[in-house]
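1. need a structure here:
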Amino acid sequence: MVFSSLEFIFRFLPLFLIIYYVMPARFRNAVLFLGSLCFYAWGDLKYLVLILISILVNFLAVREMKRNKVYSRIWLIAALLFNFGILFFFKYINFAIENINVPLRALTHGTGIASLQLGLPLGISFYTFQAVSYVIDIYRGDCKENPNLFRFATYLVMFPKLVSGPIAAYGDMVEQLEERRYGLFKFEKGLKLFVVGLGMKVLIANRIGILWNDIQTIGFESISTPLAWLGSFGYSLQLYFDFQGYSLMAIGIGRMLGFHLPENFNHPYMSKSMTEFWRRWHMTLGAWFRNYVYIPLGGNRRGTGRLALNMLVVWLLTGLWHGASWNFVLWGLVLFLLILLEKLFFKRILDNSRVIARIYMLLAIPLTWTLFAISNLKDAGIYFGRMFGIVPGINVNAGDFMKYLGQYKWLFIVGLFFCFPFGKRLFEKFQNSIFCTAFLFLVFWYSVYLLANGINNPFLYFQF
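-> Down below sits the predicted model:
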């Protein structure tokens with residue numbers, strides 16, 4: 001079940017909100033916990049037990065850590081091994097087997113290890129990282145509270161952020177779990193944010209995503225160079241509005257429940273460098289890697305060589321976090337190289353020159369997202385070859401670019417407008433006006449109309 005589904009909008013969410021607000025405030029965490037388990041079970045019942053085991057193991061590790069300081073590091077290591085162990089097993093074991101099989105089959109004339117028939121548990125990358133933040137925050141003393149099983153369980157499974165973030169550290173959420181304020185204005189603001197996110201997802205991301213689907217159907221060898229670039233720009237917009245739409249819906253639901261979840265995006269496409277881009281894109285993931293990987297490794301405090309090594313570790317892990325595939329590893333390496341080169345040589349030039357920076361980002365953003373989008377490296381090579389005209393096309397329709405530009409030009413215009421702060425400024429200025437309410441009313445019901453007519457609806461980041 002996803003936020004932009006009719007089942008969620010008209011069944012789960014209204015029923016949950018009624019029960020949540022009918023109950024006295026002291027019981028609302030219990031309602032949130034049980035409702036979140038129902039939400040998760042609706043989407044992935046067979047792996048519900050896995051998240052319950054994760055709750056219990058992490059809580060017991062932290063309790064023992066607090067009880068006996070002498071063995072606290074041992075319990076920390078045990079908890080980290082458990083969390084990353086289950087993440088590796090479910091997400092990366094088949095990737096490891098595939099790569100082991102390459103030399104093994106060469107040596108044994110075709111014999112290899114059979115892949116495991118595993119599905120990827122819903123949200124495992126997100127809730128595992130949040131469980132790790134809980135363990136580390138309490139170990140380091142960033143969160144002073146005594147371990148509370150029910151509070152931790154509610155934090156880990158709360159459905160607005162359970163399956164696709166934002167990644168909220170336990171230390172930032174514990175006070176809100178203990179006490180939070182409710183109000184009609186906060187509820188209204190949350191509802192409006194939810195509708196804005198729904199519109200981004202359904203009216204922009206889903207519809208512009210059809211362009212990328214069409215290009216895949218045509219075949220990468222059979223598209224013109226201009227269409228290859230148009231497809232990469234289209235995918236870049238689709239990915240942004242897909243994930244930003246989900247994040248706004250999550251933040252909006254959180255507001256309706258009295259929580260302030262962290263923002264995940266800050267207009268990344270207006271960045272002047274890849275360094276700045278990754279401070280604005282998926283900010284909660286970036287904060288997690290900074291706080292729990294980059295800084296503990298030494299950050300930038302130990303010279304250029306150590307800086308490069310620490311950045312390499314972070315970006316390899318970032319790539320692998322997004323998926324068990326070599327294109328994600330290569331994508332992480334490319335970003336590492338670009339950001340390292342910026343830091344060492346030309347970021348100052350980018351910061352001081354709008355023209356050079358815009359041209360640079362106009363190339364870097366679609367090229368890196370294209371590598372992100374295409375899991376097969378051979379297919380990625382063909383696509384890049386078509387982008388630069390170095391791979392010959394097969395049965396290319398010379399008019400394909402104008403055809404698809406005509407179909408999607410208004411989506412590109414609207415998408416570019418909302419990529420920049422203009423849309424946010426208008427919303428903040430007029431959000432309490434009757435005109436904004438009427439506009440969002442139309443956005444909501446048009447989105448519902450498209451969903452009812454079966455428009456393609458999965459969130460891209462659910463696969464990560």
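
2. so what does the helix or strand hosting L191 touch, helix or strand wise?
-> Using DSSP states H and E, the element containing L191 is helix 184-199. In terms of contacts (3 or more CB pairs under 8 Å, 6 or more residues apart in numbering; DSSP states H and E), helix 184-199 is packed against helix 225-256, helix 434-452. Placement of C-beta: from N, CA and C, glycine included.

3. so which of the ones you listed is the most packed in?
-> helix 225-256 (a mean of 24; mean count of other CB atoms under 10 Å).

4. what's the angle between that one and helix 184-199?
-> Orientation of helix 225-256 against helix 184-199 (axes from the mean of the first three to the mean of the last three CA atoms, to 10 degrees) gives an angle of 160 degrees.

5. how's this protein carved up into domains?
-> The chain resolves into domains spanning 6-180, 185-463 when parsed by automatic domain parsing.

6. let's have those in JSON lines, adding mean pLDDT.
-> Listed next are the domains of the chain as JSON lines, based on pLDDT from 0 to 100:
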{"stretch": "domain 6-180", "mean pLDDT": "90"}
{"stretch": "domain 185-463", "mean pLDDT": "91"}
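
7. for the stretch 201-350 of the chain, what spans make up the helices?
-> Taking DSSP state H, counting those that start in this stretch, the helices of the stretch 201-350 of the chain run over residues 206-218, 225-256, 274-280, 283-289, 295-297, 303-322, 326-341, 347-352.

8. so which of the ones you listed is nearest T437?
-> T437 sits nearest to helix 225-256 of all the helices of the stretch 201-350 of the chain, at 14.8 Å, using CB to CB.

9. which helices and strands does the closest one pack with?
-> Judged by 3+ CB pairs under 8 Å, 6+ apart, the packing partners of helix 225-256 are helix 159-162, helix 184-199, helix 206-218, helix 354-373, helix 377-387, helix 400-419.

10. what residues does the last one touch?
-> When you say that, I think you mean helix 400-419. 200, 204, 207-208, 211, 214, 218, 223-224, 226-227, 230, 233-234, 237, 240-241, 267, 269-270, 397, 423 (CB atoms under 8 Å, 6 or more residues apart in numbering).

11. picking up where we left off before, what's the closest of the helices and strands packed on helix 225-256 to M65?
-> Taking CB to CB, helix 159-162 is the member of these nearest to M65, at 24.5 Å.

12. contacts for the closest one?
-> Against helix 159-162 from outside (CB under 8 Å, 6+ apart): 32, 35-36, 39-40, 123, 126-127, 130, 156, 167-168, 250-251, 253-254, 257, 259, 261.

13. from the chain's centroid, how far away is that helix?
-> Distance of helix 159-162 from the chain centroid (CA atoms, centre = their mean, to the nearest Å) equals 12 Å.

14. buried ones in the helix or strand just after it?
-> Using DSSP H and E, the next helix or strand after helix 159-162 towards the C-terminus is helix 170-178. With burial defined by 16 or more other CB atoms under 10 Å, the residues of helix 170-178 counted as buried are 170-174, 176-177.

15. now the residues you listed as CSV including distance to F384?
-> Output for the buried residues of helix 170-178, formatted as CSV (distance: CB to CB, whole Å):
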residue, distance to F384
Y170, 42
G171, 43
D172, 40
M173, 42
V174, 46
Q176, 46
L177, 47
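
16. what lies in contact with the helix holding L191?
-> Here helix 184-199 makes contact (CB under 8 Å, 6+ apart) with 3-4, 9, 244-258, 427, 431, 436-437, 440, 443-444, 447.

17. please save the CA atoms from that helix in CSV.
-> Extracted C-alpha coordinates of helix 184-199, given in CSV (Å, rounded to 0.1, in the frame of the first residue of the first chain):
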residue,chain,number,x,y,z
LEU,A,184,-6.5,22.3,13.7
PHE,A,185,-4.0,24.6,12.0
LYS,A,186,-1.3,22.0,12.1
PHE,A,187,-3.7,19.4,10.8
GLU,A,188,-4.7,21.6,8.0
LYS,A,189,-1.1,22.4,7.1
GLY,A,190,-0.3,18.7,7.0
LEU,A,191,-3.3,18.0,4.8
LYS,A,192,-2.2,20.6,2.3
LEU,A,193,1.3,19.3,2.3
PHE,A,194,-0.1,15.8,1.6
VAL,A,195,-2.1,17.1,-1.3
VAL,A,196,0.9,19.0,-2.8
GLY,A,197,3.0,15.8,-2.6
LEU,A,198,0.2,13.8,-4.1
GLY,A,199,0.0,16.2,-7.0
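
18. run the angle between that helix and helix 400-419 for me.
-> Going by the same axes, to 10 degrees, helix 184-199 is angled at 170 degrees with respect to helix 400-419.

19. now L87: closest residue in space, sequence neighbours ignored.
-> Setting aside the residues directly before and after it, L87 is nearest to T128 in space (CB to CB, 6 or more residues apart in numbering), at 4.8 Å.

20. could you do Q238 as well?
-> Excluding the flanking residues, the one nearest Q238 by CB to CB, 6+ apart is G209, at 4.4 Å.

21. please tell me how far F185 sits from S247.
-> 21 Å (CB to CB, to the nearest Å).

22. could you look up the next helix or strand downstream of the strand or helix carrying D44?
-> Assigned by DSSP H and E, D44 falls within helix 28-44. Moving toward the C-terminus from helix 28-44, the next helix or strand (DSSP H and E) is helix 48-67.
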